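1. mind looking at a prediction? Sequence and model below.
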Amino acid sequence: MPSTKTKKQKRNHSNYSRLPRGENGGIELLLIQSVDHLGKQGEVVEVRPGFANNYLLPQGLATIASDHHKRMVDKHKVKLQEIETARLKTLRDHAKHIAKQSITIEANANEEGHLYGSVGATEIVASLKALDIVVTQDQIRLEGVLKELGLYTVKVHLHQEIEADLKVWVVPTVDENA
């Protein structure tokens, strides 16, 4: 039967040790797609093991930065750049389309115009979805929730370099019984 010391040594060798380490002790990964606040497609970045194993690798945003993968990126750099340029053009068109929109959200309010609740990213995403515009809640950039009636300009973050301004009208709920 192995001693406890041997068992502990074996446990310390987790799957992190199989990933290539960078100069600062992090995991070296090659980005398959551009990631906000990290880097652009084709760049080699160094991240913490948890971020690599729990987010970047499972989401398919990065791969292990092996020599083979680096050579493949260098070989296909022009093709990757064309794909990224086409993607950015599509996102810019999407941003222009969003900027032309104006959505109206009904909410319960008192006579002074203060909402009983608030309007947040969930309601904005639902209103855009009704117009066949698909965005996620984390792409809506609010400076706090909207708690009063009125017109607001909300940023919709589509990419590191691309944001659209969306006009959001918060109006009182129309009483059908009146």
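-> In hand now; what should we look at?

2. now the helices for the protein?
-> 4-12, 49-51, 67-75, 77-99, 121-130 (DSSP state H).

3. now for those helices, which one comes closest to Q160?
-> helix 77-99 (9.8 Å; C-beta to C-beta). Glycine gets a C-beta too; all of them are placed from N, C-alpha and C.

4. residues in contact with the closest one?
-> Helix 77-99 has contacts (C-beta atoms under 8 Å, 6 or more residues apart in numbering) with 34, 40-42, 73, 128, 133, 135, 156, 158-159, 161-166.

5. filter those down to the buried ones, ChimeraX style.
-> If you want just the buried ones from those in ChimeraX, going by 16 or more other C-beta atoms under 10 Å, the selection is:
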select :34,41,42,73,128,133,135,156,158,163,164,166
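
6. which of the contacts of helix 77-99 fall in strands?
-> Secondary structure defined by DSSP state E assigns V156, E163, A164, D165, L166 of these to strands.

7. closest one of these to T104?
-> Nearest member of the ones in strands among the contacts of helix 77-99 to T104, counting by C-beta to C-beta, is L166, at 11.8 Å.

8. how about the nearest residue to that closest one, chain neighbours excluded?
-> V154 (4.9 Å; C-beta to C-beta, 6 or more residues apart in numbering).
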